[in-house]
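Requesting a structural model of the entry that follows:
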Amino acid sequence: MTTFKCVPWGIGGCLVILVTIAGCSGVHQSQVQTAAPATTTFPPVYQHQIYPFEVHDAEGALVDHPFLGGLNLPRPQLVDIDGDGDLDLFLQELTGQLMHFENIGSAKEPAFVWRTNRYSGLDVGEWYRFVDLDQDGDLDLLGELPYAYVRLFRNDGTPEVPDFGTVIDSLRDASGEPLFADRQNIPSLIDVDCDGLLDLFVGRLDGTVHHYESVGDDAQGIPRMQLITERFEDIEIVAQFGSLHGANALTFHDVDNDGDPDLFWGDFFEAGVLLIRNTGTCAAPNLRNEPEVFPEANPVLTSGYNATYFADVDADGDHDFFVGVLGGAFRPARTAVHNFYFLESADGGYELRTRQFVAQIDVGADSYPTFADLDGDGDQDLLLSNKIDQEDAGTGHIYHFENRSEAGQVALHLKGRLPLEGYHSFAPALQDLDGDGDLDMVAGTWNDGLRYFRNDGDRRTYRFTEVEAQSFKLTRGSYARPALVDIDADGDYDLFVGEASGELNFYRNDGTAIEPRFVLISDNFDDIDAGRMSAPSFTDLDGDQDWDLVIGCEAGEALVYLNRGDTTSFRFEAFGTLDVVLPFYSAPAFADLDQDGLADLFSGGMGGGLMYFQRMP
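Residues are numbered from 1 along each chain as shown. Predicted coordinates for the structure are as follows:
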C-alpha cells in the first residue's frame, strides 16, 4: 500500500551507443536540465575521454589525468611492455581489470598517457605480475584464477608487440596439481638463489611464506614448481600491536646493491613497509633477519597493506620506489586520495615526491557530481561530494570546481570545498526554491535523510544556512540522493529521491515557485528498482523536449526510462541501459560544458573521481 505524507516547506575513449536492454543489479540530477536538439541521434552516441579539457588543482597546477575516475586500491608495476626502451605503467584498481598507461615520453623524462582500463581484454583476477616465465625474452603475465589459483597469460608475441593469446588455466606443481595462492596475497617471482631457475614466493595469511622452485618445463614449455618449504627462512610477520597477520604483498629487490635480493613486505596489519635484508649471497641467500621499517630515514606510513615496486623510472641508474596503498587496519579512508606514493632514489636514500603519482580528480570514495551556476557568471560549475573526509571521520565534504572557460575552451579550477559539515555521503541538488534569484540546496545524506540549505547570499556569492524545519527523513532507507526537476511544467520544482534500496521516492511540489510544498506521492515510484544505491538524473535523451530519467546504481550501470508522456503529463517507460562503462556506485550527471547544444555525461563512483563521456552529434 502506498502511503502519503505532506512535508511542509516554508518560504522562507571509444564510441558507445545506448542499446542494452538489461536491469541494474547489485539516480541523481545534474542541476542543468539540458534538452537535446530534436535532430540529435538516438540512441545517443558517447565518446569516453580522459583528457577532454583542462582541470586545475587548488594551487592552479594542471591535473594530469583528470577524468580517470579515482583510485582507492592501486597495485602498480612498471615494465617496458612495448620494447621502446622506456617503462610503461600498469595499475590494478578493480578485480579482473588491468589499467595500462603508455609512456609517450622517454626513459629519462617519462610521460604517461592512459590507454585502457582492460589491458588486452584480460581478466587478471585479484592480482597480477609481469615476468618472463618461459624465459623466451618477452614478458608473460600472471594473474589470479578464481578462486586462489595462478593463471598464466603467455606472451606468444615479441618484446615489441606482445600477444597474450595463450591462457593456461593454472600453474602446476611438480606432481601436476594446480598451485594454490591465497587470493588476498600478491606473490613474487624471482631467481632468488642465482641458479637460473625461477622461484615463486606466496605469502600466507598466517604471516609465513611458501617457497616454490622450478624443476623443469612441461610439454607447453611452462615451468613446473616444486614446493621447497612452507616456512621460507622461518619468516613469520606478525603485527607489532599483537598477534595479528593478514593479507600481504611481496616484492624482492636488491636495495643495498650487494648482489642479492632483499624482501619487502606489505601487510594488512602493518602501517608501513617492512624490509627483510638478505645478508647472505646470491647463491646462498640468508633472510633470517629482523624486519626493518623502510625507508629507514623517512618510513612510509599509510593505512596499511602496501604493495611495493622498484623501477628506474627516470633512467638515472638507480631504482625508485613506488607504493600502492590498498588500505589495511589503519582507517583506509585516510588514503582514499593519497594512495600512490612515488619516492625517488636520491643521495643514498629515498625522497617522497608525491602521494598521488597518477594525479586526477579524486575526492576519496563514492563521489557524487552536480552541476550548477554557483557563482552566477552564466556557466555551470562542478560540485563533487564524497562519502567521508580523509582526515575527519565525522563528516563528508562538497568540493567546488569553478568553471573558468574562455573563448570556447573549457577549464575547471578547484576552488575549495563548501563550508558544510556534519553529514556523510553528501548528495546535493541545487535550484532556486524560494524565488529570490539564487540557488538553494537540498542535500541527501547517509542516514539523516534530506537536509535543506537556504542560500542567504545572492546570485554571485553563496552563503548556505541549514534550515532544520525544512529538512526531513525518508519514509525508509538511507543514502538519500535527490533530483530537483519541474517534471510537470507547472513552474516549480518537484523532487525525486534515490536511496540504498534502489527504489525511487517521488515528492510532487503542490506549492509554488517561491513557496514549495512537497507531498510524498510514492516511496516506490513506478515500482522502479535499480538493485541498490539508486541515483536519479534527468536529461532529454531523445530530443522530444521532455525530461527522461537516467538512474545510476551500485553495479555501475545507467538505467534509462524514456518519458513517453509530454512536458505536463509524464509517463516513464523502461528503455534499457546506457552502453557506457561506468564505475561501481555510478552517479550520472548531465551538463553541456562545451556549449555544443548536447548534454555530455559525467559520472561519479566508488573510486572517488569523475568520468566523462562526450555526446556526439
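
Residue 559 contacts residue 577, correct?
Yes: under the criterion of C-beta atoms under 8 Å, residue 559 makes contact with residue 577 at 5.6 Å. C-beta here means a position set from N, CA and C on the backbone, and glycine is covered the same way.

Which one's more surrounded, those two?
A direct count of neighbours by other C-beta atoms under 10 Å for residue 559 and residue 577 places residue 559 higher, at 28 against 22.

need the helix or strand of this structure with the lowest average pLDDT.
strand 5-8 (a mean of 31; mean pLDDT, DSSP states H and E).

where exactly do the helices run in the stretch 501-617 of the chain?
Read by DSSP state H, counting those that start in this stretch, the stretch 501-617 of the chain holds no helices at all.

For the stretch 1-150 of the chain, which residues score under the pLDDT cut-off?
Across the stretch 1-150 of the chain, the ranges flagged by pLDDT under 70 are 1-36, 38-39.

What is the neighbour count of residue 175?
Residues near residue 175, counting by other C-beta under 10 Å: 8.

Return the distance of it relative to residue 232.
20 Å (C-beta to C-beta, to the nearest Å).

ends of stretch 345-352, how far apart?
Taking C-alpha to C-alpha, to the nearest Å, stretch 345-352 runs 9 Å from one end to the other.

next one: stretch 539-549
7 Å.

That one: which residues count as buried?
Residues of stretch 539-549 classed as buried: 539-544, 546-549 (neighbour count, 16 or more other C-beta atoms under 10 Å).

between these, which is closest to residue 510?
residue 547 (18.8 Å; C-beta to C-beta).

excluding its backbone neighbours, what's nearest the closest one?
Spatially, and ignoring its direct neighbours in sequence, residue 547 is nearest to residue 538 (4.4 Å; C-beta to C-beta, 6 or more residues apart in numbering).

got a list of what residue 565 touches?
When contacts are counted by C-beta atoms under 8 Å, 6 or more residues apart in numbering, residue 565 touches 546, 571.

Quick check: the gap between it and residue 484.
In terms of C-beta to C-beta, residue 565 sits 19 Å off from residue 484.

try residue 516
Per C-beta to C-beta, residue 516 is found 10 Å from residue 484.

Those two: which is more packed in?
More crowded of residue 516 and residue 484, by other C-beta under 10 Å: residue 516, with 28 against 25.

What is whichever strand or helix holds residue 200 packed up against?
For residue 200, the host element (DSSP states H and E) is strand 199-203. The contact analysis (3 or more C-beta pairs under 8 Å, 6 or more residues apart in numbering; DSSP states H and E) places strand 199-203 against strand 188-190, strand 209-217, strand 248-253.

partner strands of the first one, parallel or antiparallel?
Translated: strand 188-190. strand 199-203 (antiparallel) (DSSP bridges).

Pull out the buried residues from the partner strand.
For strand 199-203, by 16+ other C-beta under 10 Å, it's 199-203.

on that earlier part again, is it possible to get JSON lines of the helices and strands packed on strand 199-203 that adds mean neighbour count, mean pLDDT and distance to residue 452?
Shown next, in JSON lines, are the helices and strands packed on strand 199-203 (neighbours: other C-beta atoms under 10 Å; pLDDT from 0 to 100; distance: least, C-beta to C-beta, whole Å):
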{"stretch": "strand 188-190", "mean neighbour count": "21", "mean pLDDT": "97", "distance to residue 452": "54"}
{"stretch": "strand 209-217", "mean neighbour count": "19", "mean pLDDT": "95", "distance to residue 452": "56"}
{"stretch": "strand 248-253", "mean neighbour count": "24", "mean pLDDT": "97", "distance to residue 452": "46"}
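
could you redo those as TSV and give each row distance to residue 590?
Compiled in TSV, the helices and strands packed on strand 199-203 are given as follows (distance: least, C-beta to C-beta, whole Å):
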stretch	distance to residue 590
strand 188-190	46
strand 209-217	51
strand 248-253	40
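
Identify whichever of those lies nearest to residue 165.
Across the helices and strands packed on strand 199-203, closest to residue 165 is strand 209-217 (C-beta to C-beta), at 19.3 Å.

and the angle for the closest one with strand 248-253?
Interaxial angle, strand 209-217 versus strand 248-253 (axes from the mean of the first three to the mean of the last three C-alpha atoms, to 10 degrees): 60 degrees.

next SSE after strand 209-217?
Downstream of strand 209-217, the next assigned helix or strand under DSSP H and E is strand 223-229.
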